[in-house]
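>>> The sequence and its predicted three-dimensional model are supplied below.
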Amino acid sequence: MMAMSTPTPNPARVLVVDDDAELRALLTRFLGEHGFAVRAVEGGRAMDVALQRGPADVIVLDLMMPGEDGLAIVRRLRGAGDQTPVIMLTARGDAIDRVLGLEMGADDYLGKPFLPRELVARIHAMLRRMGPDRSLARDDVMTIGPFTINFSAMAVTRQGAPLVLSTREFALFAALARSAGRPLSRAQLIDRALGRDADVTDRAIDVAVARLRRAIGDDPADPRHVRTVWGVGYVLTDNAEIT
């Protein structure tokens, strides 16, 4: 018999969005047994209603759904300023779909079929990165060139103007800021920003850095802040000229 998790006074809220009723039922039961407060809906419209009724700490989102698919949903969420972490489920084997998901703003992905325990591990890893108050928290503020990073508020401003960053973009920026002036390899970025158990390729990191550059107003063709160090990785410069 499976051991039930001890109920917690403030369980993490997981919203599962998948058109497969059997999978929704399985994940609702399994995630609930592991201490999460789970809601499961069949598509984008039902997701919108669920989020209006109450926020989620993590959204588990299927890529392939009739009507509005997962890519369109995550793009819509990010476009509306919703930065809730998204773990995308995909049955496709082509890595390009995973890269597209990350480009649209997903924070992690998991290929079908998968073991439910692996999804639990991914959710726990996401929550660990977010900290005990479910934000990517550190109780300090750092200024690097034109940027001010508030780690506890998970907020970044450029010359006083707030920037809109996804969870993944903030995690990458925070990792680079902690090592400002010192290059980090892609492996180090995966470890420090996404967690050692994140299933992320070097290409996915390159895509995420490109998105981060756009989000902070860095010119992708000639970046002045998040710079590429060929053969090494990336570095956030603390002496870039303010533009």
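Received, thanks.

>>> residues of stretch 161-175 that come out buried?
For stretch 161-175, burial by neighbour count (16 or more other C-beta atoms under 10 Å) applies to 163, 165-175. In this view, the C-beta of every residue, glycine as well, is placed from N, C-alpha and C.

>>> which outside residues touch it?
For stretch 161-175, contacts defined as C-beta atoms under 8 Å, 6 or more residues apart in numbering pick out 78, 81, 83-85, 102, 105-107, 129-130, 136, 138, 149, 151, 154-157, 184, 188-189, 192-194, 208-209, 211-212, 215-217, 226, 236.

>>> And the buried ones among those residues, selectable in PyMOL?
Applying 16+ other C-beta under 10 Å to those, the buried members can be selected in PyMOL as follows:
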select buried, resi 78+83+84+85+102+105+106+107+129+130+136+149+151+154+155+156+184+188+189+192+193+194+208+209+211+212+215+216+226+236
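
>>> ok so, going back, tabulate the buried residues of stretch 161-175 in CSV, adding columns for secondary structure.
Listed next are the buried residues of stretch 161-175 as CSV, based on DSSP: H, G, I helix; E, B strand; the rest coil:
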residue, secondary structure
Leu163, strand
Leu165, coil
Ser166, coil
Thr167, helix
Arg168, helix
Glu169, helix
Phe170, helix
Ala171, helix
Leu172, helix
Phe173, helix
Ala174, helix
Ala175, helix
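
>>> Columns pLDDT and distance to Leu89 on top of the residues you listed, output as JSON lines?
Output for these, formatted as JSON lines (pLDDT from 0 to 100; distance: C-beta to C-beta, whole Å):
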{"residue": "Leu163", "pLDDT": "91", "distance to Leu89": "29"}
{"residue": "Leu165", "pLDDT": "87", "distance to Leu89": "24"}
{"residue": "Ser166", "pLDDT": "83", "distance to Leu89": "18"}
{"residue": "Thr167", "pLDDT": "80", "distance to Leu89": "17"}
{"residue": "Arg168", "pLDDT": "81", "distance to Leu89": "17"}
{"residue": "Glu169", "pLDDT": "87", "distance to Leu89": "21"}
{"residue": "Phe170", "pLDDT": "86", "distance to Leu89": "23"}
{"residue": "Ala171", "pLDDT": "85", "distance to Leu89": "21"}
{"residue": "Leu172", "pLDDT": "88", "distance to Leu89": "23"}
{"residue": "Phe173", "pLDDT": "91", "distance to Leu89": "26"}
{"residue": "Ala174", "pLDDT": "87", "distance to Leu89": "26"}
{"residue": "Ala175", "pLDDT": "86", "distance to Leu89": "26"}
